[in-house]
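J.: Kindly return the folded structure for what I paste below:
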Amino acid sequence: MSPSILIQHVLPHRFLSRIVFHATRWSWRPWKNFLIRQITRRYRVDMSEAADPEIAHYAHFNAFFTRELKPGARPQDADPGVLACPADGRISQSGAIDEGRIFQAKGQGFSVAELLGDDASALAYRNGQFITVYLSPRDYHRVHMPLSGKLVSTVHVPGRLFSVAPFAVAAIPRLFARNERLVCHFEGDDGPFAVVLVGALLVSSVSTVWGGLEIPPYASAVHATDYRDREISLARGAELGRFNMGSTVIVTLPAHGLKLDAGLAPEQAVKVGQRIGGRGR
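T.: Numbers count the residues shown, from 1 in each chain. Sure thing, here's the model as predicted:
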């Protein structure tokens, strides 16, 4: 095991993530401007897309990191039968779910039941499809709906907070099924679909538009919340939630319904609203 992977196993994940949580919300101007400048320069963040491109205007680093974009910066395909990309980033993996198992990296995989934290809901995706999108520090960090749907439930699944950078995904077995995550179940016109927001080392804070801050607190047991009586419906392209820092989004689709487009490949750059699937291709 390489030193970079070994340290992933021994670091105090939650303790470090709590420190970063508070550090990125410190509003002391020299501190927050320093952090913002470091990220924008190191990762060449395109601030021309931001609704407010002036870094001094952000109250703290997390406000910058979860910044809103200008209207029209991420247009949606007009075709209602299109499956839209939920996040800016790069495709980690995508393709078929084989008898309930998702491919993570060479020689590695995990079950949909593990990922969703529930055997019963996993049945709908047994031979469906999935796509995993990795968000780097340079990316826009709000997550949007890939399809229109009614919120059915969320499941907060406890776990570790391994890095989700490509080097860790390739080396740590079942990483996405081991990290802390929020599973969002929806019902759409073509059946159920799930959007999974996966936490990661130092970047393990997740918010939703309906519930506010969901992670932290960190869970000690699987916790499900039923939203069927709340009548929460979101249109394709609407904001679903955000990573307060960055991580990974996984979308699972049932066997019968919209299909991912052929030609999607690992490391392919994608943006919110971009077509990644639909009908008739």
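J.: My reading is that Leu182 is in a helix; is that accurate?
T.: No. Counting by DSSP: H, G, I helix; E, B strand; the rest coil, Leu182 is not part of a helix but strand.
J.: That one: how many residues sit nearby?
T.: Leu182: 23 surrounding residues under other Cβ atoms under 10 Å. Quick note: C-beta positions are derived from backbone N, CA and C, even for glycine.
J.: so which helix or strand takes in the nearest residue to it once chain neighbours are set aside?
T.: Leaving out its chain neighbours, the residue that sits closest to Leu182 by Cβ to Cβ, 6 or more residues apart in numbering is Leu197, at 4.7 Å. Assigned by DSSP states H and E, Leu197 belongs to strand 191-198.
J.: and if you look at Ser153?
T.: Per DSSP H and E: Ser153 is located in strand 149-157.
J.: Would you mind extracting the C-alpha trace of that strand into CSV?
T.: What follows is strand 149-157, C-alpha atoms only, in CSV (Å, rounded to 0.1, in the frame of the first residue of the first chain):
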residue,chain,number,x,y,z
GLY,A,149,-39.0,14.3,-10.0
LYS,A,150,-40.9,14.3,-6.8
LEU,A,151,-38.8,13.8,-3.6
VAL,A,152,-39.7,10.5,-2.0
SER,A,153,-37.1,10.2,0.8
THR,A,154,-33.5,10.8,1.9
VAL,A,155,-31.2,8.4,3.6
HIS,A,156,-28.2,9.6,5.5
VAL,A,157,-25.7,6.8,5.5
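J.: Next, the buried residues of that strand.
T.: Using 16 or more other Cβ atoms under 10 Å as the test for burial, strand 149-157 gives Gly149, Leu151, Val152, Ser153, Thr154, Val155, His156, Val157.
J.: cool, and stretch 62-80?
T.: Asn62, Ala63, Phe64, Phe65, Thr66, Arg67, Ala73, Arg74, Gln76.
J.: can you list contacts of the longest helix along the chain?
T.: Scanning the chain for the helix with the most residues, using DSSP state H, yields helix 29-42. Defining contact as Cβ atoms under 8 Å, 6 or more residues apart in numbering, one finds that helix 29-42 is touched by 24, 26, 45, 47, 55-56, 58-61, 64-65, 137-138.
J.: from those residues, which is closest to Arg174?
T.: Of all these, Arg174 sits closest to Pro137, with 24.7 Å by Cβ to Cβ.
J.: Over to that closest one. Which of the three states is it?
T.: coil.
J.: Could you measure from it over to Ala84?
T.: 23 Å (Cβ to Cβ, to the nearest Å).
J.: Looking at those two, which one has more neighbours?
T.: Ala84 (24 against 15).
J.: circling back to that earlier point, which neighbouring elements make contact with the helix or strand following the longest helix of the chain?
T.: Using DSSP H and E, the next helix or strand after helix 29-42 towards the C-terminus is helix 61-65. Packing partners of helix 61-65 (3 or more Cβ pairs under 8 Å, 6 or more residues apart in numbering; DSSP states H and E): helix 29-42.
J.: buried sites along the helix it packs on?
T.: Residues Lys32, Leu35, Ile36, Ile39, Thr40 are the ones in helix 29-42 that count as buried (16+ other Cβ under 10 Å).
J.: for stretch 155-164, same thing?
T.: Within stretch 155-164, the residues scored as buried using 16+ other Cβ under 10 Å are Val155, His156, Val157, Gly159, Arg160, Leu161, Phe162, Ser163, Val164.
J.: give me the number of residues near Ile232?
T.: Look at Ile232: counted by other Cβ under 10 Å, it has 16 neighbours.
J.: again but with Ala168, I slipped
T.: By other Cβ under 10 Å, 18 other residues sit near Ala168.
J.: so it touches Ile7, yeah?
T.: No. Counting by Cβ atoms under 8 Å, Ala168 does not reach Ile7; the two are 10.4 Å apart.
J.: nearest residue to Ala165 other than its sequence neighbours?
T.: Tyr134 is the one closest to Ala165 (Cβ to Cβ, 6+ apart), at 7.7 Å.
J.: who's that neighbour bridged to?
T.: Counting by DSSP bridges, Tyr134 is bridged to Arg90, Thr248.
J.: Identify the residues contacting it.
T.: Residues in contact with Tyr134, defined by Cβ under 8 Å, 6+ apart, are Gly89, Arg90, Ile91, Ser92, Val164, Ala165, Pro166, Val169, Thr248.
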